[in-house]
Structure formats: C-alpha cells, structure tokens
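In: turn this into a model:
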Amino acid sequence: MRTSSAFVSAKVSSSTDYHSAIEKIKEILPVTMAERDITGASVAIVDGDNIIWSEGFGHTNRSLQVKVTGDTLFHAGSISKSFTALGVLKAVDKQLLALDAPLKRFHGSL
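Out: Numbering: from 1, shown residues only. Okay, the predicted model is just below:
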C-alpha cells in the first residue's frame, strides 16, 4: 500500500512550477483510490487565493456512475475535527494558545 509521503507539503511562491506535483497526483491518486476502495475524490492545488489546478477522480456514486469533477462538493464530516486540531496546533506554535491552559481563560462561562 502506498503512503501519502508523495504529497508532503512545501512552501510555494508565485514562481512555483506545479506541473510535476500535478502529474504525481494524477499518477498516484487513482491507484491509491483503487487500493483503498475510494469511490471518488476532488483535489485542488491552491496558492494563496488562487486555485492553480483542480480535478475530479472517480465517481460520486458507484451505482449512478456520475463522474467527480474539480467542482464536486463533498460532505466534510468528521475530517473537520482534524482541521480544527491543526488550527489549534498552529495557534500553539505561534504561542497564541497553550495546550495546558485552562479553558476558563478563553471562555469565562466554562
């Protein structure tokens, strides 16, 4: 089984060439989706406020065979917890929050 190490994030700038990253995604993602029985995915590369590239892979529903596009919306579900945790840890890294601080410090009614 492949790991996500090919998708390691890196700092980008306006002069970044995204072609090799896009080609790697197009190569690896369909294989990974098949290995993990993933029906469909929509992927985008965003630099600042600019969508550099987006593309859909697979289908929205196996029985209906509707293809996923770069504009297909998906339900975020439980993954929002991961993004919340990432935001909290980034705030900790910037010393805006402390993981061991009492919650009352941030919300008086707790």
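
In: for residue 78, which residues are in contact?
Out: By CB atoms under 8 Å, 6 or more residues apart in numbering, no residues touch residue 78. Backbone N, C-alpha and C define where each C-beta goes, glycine included.

In: can you tell me the element the spatially most central residue of the chain falls in?
Out: In the chain, the C-alpha nearest the mean C-alpha coordinate belongs to residue 43, at 7.8 Å (CA atoms, centre = their mean). Using DSSP states H and E, residue 43 maps to strand 40-47.

In: just checking, what packs against that strand?
Out: Here strand 40-47 touches helix 19-35, strand 50-61, going by 3 or more CB pairs under 8 Å, 6 or more residues apart in numbering; DSSP states H and E.

In: show me what counts as buried in the first one.
Out: The reference is to helix 19-35. Buried residues in helix 19-35, defined by neighbour count with 16 or more other CB atoms under 10 Å: 21, 25, 29, 32.
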